[in-house]
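Q: Next one to model:
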Amino acid sequence: MIPAVSALLSLLALKLLDKERRSHVNDFSFDEALGLFCGLNVSPKKSFLTEYSYRTTRQHQRALLAGWVSALSGLLFPQANTFSLDFHPIPYRGDDAGLETHYVPLAGKAQPSVLSFFALEQDSRVLCYANANLTRTEQPGEVMRFVEFWHELTGSDPAWLYFDSKVTTYPELHRLDQRRVNFVTIRRRGESVVRRLSRLPASAWVKAV
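A: This is a model prediction of the structure:
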């Protein structure tokens, strides 16, 4: 049995070596130096590395994220209160697995993909929260799930959130208002929006700093 810490270190070692595909690690399988880094005699084979993620649950991932943030916050973002949030679809090119289709910007079209969510601390750009186990129906509530995660971890809500307007819905924005979480959304300025704003009188505008 390979301990959990050794399993994570073996996956981290591949990231540090820029080995993106776990199926291409056979040339490292007998490397004693990598094994020492992982607390093993040699690094695990591709079969173990590939199946390991399937044995973890969302509870394990949240615990890892909580430990990650707690260990780094004092060094990299001691006054963290502002975060950038976004979804990122990870294209899937294997056999049909029943995945939902999402718009992939690099491909310029919608295709089967895994929908992932990220929260970055604004100044340090350090990853503070992530989830890659989302469906389209669960997508709008992920912003509030991050807020609750951060409150559970630090005892307070984030002060500011920045995200695209398509990330969530108006009811979810109302929930942020109720918790007094400030947010700024990015919205595409369509022609109809610009025309409507241009027709507003000067008295309709309020200056803000």
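
Q: Output the helix or strand harbouring residue 60 as PDB, restricted to C-alpha atoms.
A: For residue 60, the element it lies in under DSSP states H and E is helix 58-76. The C-alpha coordinates for helix 58-76 follow below in PDB (Å, rounded to 0.1, in the frame of the first residue of the first chain):
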ATOM      1  CA  ARG A  58     -14.500  15.800  -2.800                       C
ATOM      2  CA  GLN A  59     -14.000  15.600   0.900                       C
ATOM      3  CA  HIS A  60     -10.300  14.600   0.400                       C
ATOM      4  CA  GLN A  61      -9.900  17.400  -2.100                       C
ATOM      5  CA  ARG A  62     -11.300  20.100   0.300                       C
ATOM      6  CA  ALA A  63      -9.100  18.800   3.100                       C
ATOM      7  CA  LEU A  64      -6.000  19.100   0.800                       C
ATOM      8  CA  LEU A  65      -7.100  22.600  -0.300                       C
ATOM      9  CA  ALA A  66      -7.600  23.700   3.300                       C
ATOM     10  CA  GLY A  67      -4.100  22.400   4.300                       C
ATOM     11  CA  TRP A  68      -2.600  24.100   1.200                       C
ATOM     12  CA  VAL A  69      -4.100  27.500   1.900                       C
ATOM     13  CA  SER A  70      -3.300  27.300   5.600                       C
ATOM     14  CA  ALA A  71       0.300  26.500   4.900                       C
ATOM     15  CA  LEU A  72       0.800  29.200   2.300                       C
ATOM     16  CA  SER A  73      -1.400  32.100   3.500                       C
ATOM     17  CA  GLY A  74       1.100  33.400   6.100                       C
ATOM     18  CA  LEU A  75       3.900  33.500   3.500                       C
ATOM     19  CA  LEU A  76       2.300  34.600   0.300                       C
END
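
Q: tell me which residues in that helix are buried?
A: 61, 62, 65, 69, 72, 73 (16 or more other C-beta atoms under 10 Å). All C-beta spots, glycine's among them, are computed from the backbone N, C-alpha and C.

Q: where does the protein dip in pLDDT?
A: 20, 22, 188-189 (pLDDT under 70).

Q: Endpoint to endpoint, stretch 135-149 covers what distance?
A: 19 Å (C-alpha to C-alpha, to the nearest Å).

Q: again with stretch 23-40
A: Chord length of stretch 23-40, first to last residue, is 20 Å (C-alpha to C-alpha).

Q: go on, stretch 68-82?
A: Taking C-alpha to C-alpha, the first and last residues of stretch 68-82 lie 18 Å apart.

Q: Perfect, I'm done here.
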